[in-house]
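Undergrad: the amino acid sequence is not available; the structure is as follows:
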């Protein structure tokens with residue numbers, strides 16, 4: 001039997017000519033996907049390429065306009081996720097769906113609990129989970145509670161949930177988004193072990209270094225279309241990124257420039273919050289002119305609250321904060337902004353915009369008080385619309401009309417609009433929280449260039465991001481936050497991923 005015949009015999013799943021329309025928009029336009037037994041297939045593409053729609057179709061959460069799914073040679077018509085699970089298709093969601101007060105075993109067997117008569121058999125559940133844990137080399141204690149568990153272990157529980165459901169095909173949706181480098185390595189090892197055990201893996205990701213490390217093949221999508229299938233052994237990160245974007249990306253070297261005087265100074269900042277453990281625990285830091293300072297850390301270690309305190313969205317208990325020598329501690333948002341602070345917030349809808357406002361109105365937020373754009377509370381409508389249109393054009397925000405509602409934009413385009421608005425405030429300090437969350441590779445490159453440009457113009461940038469590659473690429477200095485404290489500091493010259501990951505987990509540098 002030839003290698004080609006063997007491959008065809010091993011096909012476990014096919015998605016044939018999948019088309020999915022939302023109104024006039026073709027999210028999936030004649031997509032074909034093939035998955036082999038024991039294979040790791042990476043589905044890659046920019047934001048809006050149609051990856052998630054395709055996977056939702058495979059998991060029964062969306063129904064195709066046309067096309068068919070063939071599982072083990074038989075047509076499959078999925079109407080729900082429960083039906084997909086019953087056919088051995090599981091999905092590890094990007095946002096974990098666990099019950100904190102429950103134990104590991106209780107979360108894993110939830111919905112399919114072993115019974116002893118009419119009652120839940122907790123002993124059988126613990127034994128089953130312990131056996132699965134050993135079988136798939138995923139160390140977990142069945143009786144541990146989820147509350148307080150590290151992110152990497154929570155994800156392990158999610159994987160075990162899918163394995164407990166007897167899934168032969170496992171979809172991972174952006175699985176490394178919130179993991180430390182050490183946890184990423186463990187997860188990639190887990191994927192390889194699952195493939196060796198005969199499971200077929202589909203991974204949706206934009207992290208091409210991980211694709212190169214773990215996948216057998218990559219399926220490239222762009223603007224709803226199937227661009228290429230590539231064997232990982234025959235390709236490179238540069239080639240994959242070019243196929244995804246449609247052009248070659250330029251990897252720029254960031255010029256070293258001397259830092260100036262401090263723009264932001266934070267001393268002994270303390271925020272108790274509602275729990276017994278402080279959210280921000282006597283934190284001190286500074287950001288100087290001509291400097292991008294990154295804050296790395298696993299989500300939930302006080303980074304979000306720090307950004308809110310700095311902008312006046314939340315009041316701290318004690319400490320001091322100055323911007324350009326002016327005291328902004330517990331000042332109102334407008335007062336903070338007037339001292340020279342702009343912020344790209346981490347949640348584009350909760351903090352960054354109003355879905356029901358027009359794109360033009362969202363673009364002018366924070367700018368409309370300028371003397372050139374208003375006088376005595378009266379807005380210069382034409383000038384403001386021109387201002388908004390220029391922002392949209394400069395940052396490539398895709399919209400037919402700036403008078404449409406902000407909610408009509410895709411998530412990536414809404415992010416670009418907010419980034420454009422805040423960067424173009426031209427303030428001495430920009431706080432950039434997750435500035436490229438949900439944007440495609442081309443837009444990410446553009447926003448990075450604008451942040452570097454701001455820093456090169458002598459302004460200060462505080463970058464708070466869960467993307468370690470972004471932190472390491474852009475930052476002149478890096479602080480690591482853990483449990484509300486600064487757990488270490490690096491410069492561009494002395495940072496390495498291993499030490500960074502160690503500090504993010506609460507360890508110490510030797």
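TA: Structure received. Note that the structure is a prediction, hence the values are computed from the model and not measured.
Undergrad: check what pLDDT the most centrally placed residue in the chain gets.
TA: Centre of the chain computed as the mean C-alpha position; nearest residue by C-alpha atoms, centre = their mean is residue 177, 4.9 Å away. We have a pLDDT of 72 for residue 177.
Undergrad: repeat for the one 5 residues further on
TA: Model confidence at residue 182, expressed as pLDDT, equals 84.
Undergrad: over to residue 250?
TA: 64.
Undergrad: same check on residue 381?
TA: Looking at residue 381, the pLDDT reads 86.
Undergrad: give me the neighbour count for it.
TA: 11 (other C-beta atoms under 10 Å). Bear in mind the C-beta positions are built from the backbone N, C-alpha and C, glycine included.
Undergrad: cool, and residue 93?
TA: Other residues close to residue 93 by other C-beta under 10 Å number 16.
Undergrad: same check on residue 299?
TA: With other C-beta under 10 Å as criterion, residue 299 counts 12.
Undergrad: what domains does the record give for this structure?
TA: Listed by automatic domain parsing, the domain ranges of the chain are 3-47+56-97+166-245, 252-340+427-510, 350-426.
Undergrad: ok now the second one, how far from the chain's centre?
TA: The chain centroid and the centroid of domain 252-340+427-510 are separated by 18 Å under C-alpha atoms, centre = their mean, to the nearest Å.
Undergrad: thinking again about what came up before, got TSV for the domains of the chain, with distance to residue 144 too?
TA: Formatted as TSV, the domains of the chain follow (distance: least, C-beta to C-beta, whole Å):
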stretch	distance to residue 144
domain 3-47+56-97+166-245	15
domain 252-340+427-510	17
domain 350-426	32
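Undergrad: if we can go back for a sec, just checking, the residue nearest to the centre of the chain touches residue 468?
TA: No. With contact defined as C-beta atoms under 8 Å, residue 177 does not reach residue 468; the gap is 10.7 Å.
Undergrad: any idea where the strands of the stretch 251-400 of the chain begin and end?
TA: Counting by DSSP state E, counting those that start in this stretch, the segments of the stretch 251-400 of the chain that form strands are 262-271, 280-288, 291-296, 318-323, 326-327, 341-344, 374-375, 378-379.
Undergrad: and residue 66, what are its bridge partners?
TA: residue 19 (DSSP bridges).
Undergrad: tell me how many other residues crowd it.
TA: Neighbourhood size, residue 66 [other C-beta under 10 Å]: 12.
Undergrad: got the contact list for it?
TA: Residues in contact with residue 66 (C-beta atoms under 8 Å, 6 or more residues apart in numbering) are 17-19.
Undergrad: what do you get for residue 214?
TA: Contacts of residue 214 (C-beta under 8 Å, 6+ apart): 40, 42, 188, 191-192, 203.
Undergrad: nearest residue to residue 467 in space, please, no chain neighbours.
TA: Excluding the flanking residues, the one nearest residue 467 by C-beta to C-beta, 6 or more residues apart in numbering is residue 436, at 7.1 Å.
Undergrad: what's the spacing between that neighbour and residue 416?
TA: 9 Å (C-beta to C-beta, to the nearest Å).
Undergrad: buried residues, stretch 322-338. List them.
TA: 322-324, 328-331, 336-337 (16 or more other C-beta atoms under 10 Å).
Undergrad: and the two most separated of these?
TA: The largest separation in the buried residues of stretch 322-338, counting by C-beta to C-beta, is between 324 and 330 at 17.6 Å.
Undergrad: for the stretch 251-400 of the chain, give me the ranges with low pLDDT.
TA: Low-confidence regions of the stretch 251-400 of the chain, defined by pLDDT under 70, span residues 251.
Undergrad: picking up where we left off before, looking at the buried residues of stretch 322-338, which are in helices?
TA: 336-337 (DSSP state H).
Undergrad: ok, of the buried residues of stretch 322-338, which one's closest to residue 384?
TA: Using C-beta to C-beta, the buried residues of stretch 322-338 come closest to residue 384 at residue 337, 17.9 Å.
Undergrad: which residues touch that closest one?
TA: For residue 337, the contacting residues are 311, 366, 427, by C-beta under 8 Å, 6+ apart.
Undergrad: reformat the contacts of residue 214 as TSV; add neighbour count and secondary structure.
TA: Compiled in TSV, these are given as follows (neighbours: other C-beta atoms under 10 Å; DSSP: H, G, I helix; E, B strand; the rest coil):
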residue	neighbour count	secondary structure
40	25	strand
42	26	strand
188	18	helix
191	21	helix
192	14	helix
203	26	strand
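Undergrad: those residues into CSV, with extra columns for pLDDT and distance to residue 76?
TA: Shown next, in CSV, are the contacts of residue 214 (pLDDT from 0 to 100; distance: C-beta to C-beta, whole Å):
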residue, pLDDT, distance to residue 76
40, 97, 21
42, 96, 22
188, 92, 29
191, 93, 24
192, 94, 27
203, 95, 21
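Undergrad: can you pick out the most distant pair from the residues you listed?
TA: The most widely separated members of the contacts of residue 214 are 42 and 192, with 13.2 Å between them, by C-beta to C-beta.
Undergrad: once you drop chain neighbours, what's closest to residue 392?
TA: Counting by C-beta to C-beta, 6+ apart, the residue nearest residue 392 is residue 402, at 5.9 Å.
Undergrad: I meant residue 485, not that one.
TA: Nearest residue to residue 485, sequence neighbours excluded (C-beta to C-beta, 6+ apart): residue 281, at 4.8 Å.
Undergrad: so what's the one you found up against?
TA: If a contact means C-beta under 8 Å, 6+ apart, then residue 281 has 270, 302, 483-485 as its contacts.
Undergrad: repeat that with 10 Å
TA: Applying C-beta atoms under 10 Å, 6 or more residues apart in numbering, we find residue 281 in contact with 268-272, 302, 481-486.
Undergrad: how about residue 247?
TA: 241, 442.
Undergrad: name the element residue 41 belongs to?
TA: Following DSSP states H and E, the helix or strand that holds residue 41 is strand 40-45.
Undergrad: can you give the distance of that strand from its chain's centre?
TA: Distance, stretch centre to chain centre, for strand 40-45: 16 Å (C-alpha atoms, centre = their mean).
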